[in-house]
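Asks: Sequence unavailable; structure follows:
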C-alpha cells in the first residue's frame, strides 16, 4: 500500500470520557458519540485506531509547572483551581488529561510518519503554565510540542488554533520560546475576557460568516506559515465557530466548517509539512449532532490521505 493510500491515523482512548455530574455544561459524552460517528463512516473499525499510554508527570512538566502537575495527578487542586477549570479534581479527570496530552503527542509522532494524524480529543488551549482554565486541565498541544522539541524531532513549530476562543494558555506557555509560533483566529468578544498575546492574533467580530471568515483565515494562515517557517504544525480545529454553537459567537455554516478544515489541512500539506490535529471545542445539548460536526475534521483529513471522500 502506498503512503498516500494509508488509512488516516486516528488516536482515541475509552478514558477520554470521565464521569461528571448530571447536566454538567461540558459535553463529555461527545467523545463516545464521535467514536460511533467515525465507526459509522468506516473510519474507526476494530484495530483501526491508536491508543495512547498516559504520560509521566515530568513529561507534562515540560509545559506546566511541576507543582500544578502534581496537584492534578494527586487530586489535590484547591477549590479555586477547580472552579477555574470547571471540572472536578478526580482520578478520572486527571487520567483523562494525561491521556489527552499523550494522544496529541502520539498523533504528532504518527504525523511524522504519515504526514497527517488526528487525536479524537485535545485542543485544551486554555491551560496555562501553572493553571487550568475553561475545561482545560493540561495543554496537550503544548505538552506535545515541547516533547518534539526536546527530542530533536522538530526545530520550529507552528500552532494553528481555529477554536472560537483564543488559545490564551498556549500563548502564555510559549511567550518566551521563539521555537513555537502561536496563531489564533477567534471571536474577539468571546472567552477569555483577558486575552494573551499570540505571535499572530486575529480577533473577529461577532456574527462573521463563511465568506469573510475563510478569506481572513487564508490570508492569516499564509502569513503565519511565512513568518514561522515551521517544520511541524499542530492544528486545533474546534467546531464552536459554527452558527448554532452554545458558546460560539461566529456564524460559520456546516459547509463553512468543512471548507475551513480543508483549507487549513490542504495549505499545510501542500508545503510538505506534517500536521497533527486535535479536536478542540464544540458545545451542544445534542451530543450526536455535535459528534457529526467534529467528524468533519476526520472526513477532510481522510480525503487528503486518499482514504476517504469528503462531502
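Replies: Yes, it's here. The shown structure was predicted, so the numbers you read here are calculated from the model rather than taken from an experiment.
Asks: Report the buried residues of stretch 140-158.
Replies: Across stretch 140-158, burial judged by 16 or more other CB atoms under 10 Å covers 140-149, 154, 157-158. Just so you know, the C-beta spots here come from the backbone N, C-alpha and C atoms, and that holds for glycine as well.
Asks: Among the residues you listed, name the ones in helices.
Replies: Counting by DSSP state H, the buried residues of stretch 140-158 place 140-149 in helices.
Asks: TSV for those, including distance to residue 38 and pLDDT?
Replies: Below are these laid out as TSV (distance: CB to CB, whole Å; pLDDT from 0 to 100):
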residue	distance to residue 38	pLDDT
140	19	98
141	21	98
142	26	98
143	24	98
144	21	98
145	25	98
146	29	98
147	26	98
148	26	98
149	30	98
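Asks: neighbours of the nearest residue to residue 247 once chain neighbours are set aside, just the number please.
Replies: What sits nearest to residue 247 in space, not counting adjacent residues and going by CB to CB, 6 or more residues apart in numbering, is residue 283, at 4.6 Å. Around residue 283 there are 19 other residues, counting by other CB atoms under 10 Å.
Asks: And residue 283, how close does it get to residue 157?
Replies: Distance of residue 283 to residue 157, computed by CB to CB, to the nearest Å: 28 Å.
Asks: Identify the residues contacting residue 246.
Replies: Applying CB atoms under 8 Å, 6 or more residues apart in numbering to residue 246 gives the contacts 283-285.
Asks: What about the nearest residue to residue 26 once chain neighbours are set aside, how many residues nearby?
Replies: Distance criterion CB to CB, 6+ apart; nearest residue to residue 26, sequence neighbours excluded, is residue 135 at 4.9 Å. Neighbourhood size, residue 135 [other CB under 10 Å]: 18.
Asks: just checking, residue 135 touches residue 86?
Replies: Yes. Counting by CB atoms under 8 Å, residue 135 touches residue 86, with 4.9 Å between them.
Asks: residue contacts, residue 139?
Replies: Residue 139 is in contact with 63-64, 101, 124-128, 169-170, 173, counting by CB under 8 Å, 6+ apart.
Asks: where does it land on pLDDT?
Replies: pLDDT recorded at residue 139 is 98.
Asks: And residue 39, how far from residue 45?
Replies: 7 Å.
Asks: Neighbour count for these two, which is higher?
Replies: Higher neighbour count among residue 39 and residue 45: residue 39, with 14 against 10, using other CB under 10 Å.
Asks: how far away is the more buried one from residue 31?
Replies: Distance of residue 39 to residue 31, given as CB to CB: 13 Å.
Asks: hmm, back to that, residues touching the residue nearest to residue 247, list them.
Replies: Residues counted as contacts of residue 283 (CB under 8 Å, 6+ apart) are 25, 27, 240, 245-248, 290.
Asks: So residue 297 is in contact with residue 282, correct?
Replies: No. Assessed by CB under 8 Å, residue 297 is found out of contact with residue 282, at 10.3 Å.
Asks: tell me, what's touching the two both at once?
Replies: Counting by CB under 8 Å, 6+ apart, the common neighbours of residue 297 and residue 282 are residue 239.
Asks: which residues in this structure form helices?
Replies: According to DSSP H, the chain carries its helices in the segments 30-40, 57-60, 66-73, 79-85, 91-114, 140-150, 168-173, 210-228, 254-270, 287-305.
Asks: so residue 240 makes contact with residue 284?
Replies: No. Contact criterion CB under 8 Å: residue 240 and residue 284 do not qualify, at 9.5 Å.
Asks: out of the two, which sits in the more crowded spot?
Replies: Neighbours per residue, other CB under 10 Å: of residue 240 and residue 284, the larger number sits with residue 240, 27 against 20.
Asks: list the contacts for that one?
Replies: Taking CB under 8 Å, 6+ apart, one finds 163-165, 247-248, 280-283 in contact with residue 240.
Asks: Rebuild those residues as CSV, extending it with pLDDT.
Replies: Formatted as CSV, the contacts of residue 240 follow (pLDDT from 0 to 100):
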residue, pLDDT
163, 97
164, 97
165, 97
247, 92
248, 92
280, 97
281, 96
282, 96
283, 94
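Asks: residue nearest the centroid of this protein?
Replies: Among the residues of the chain, the one closest to the centroid is residue 123, at 2.5 Å (CA atoms, centre = their mean).
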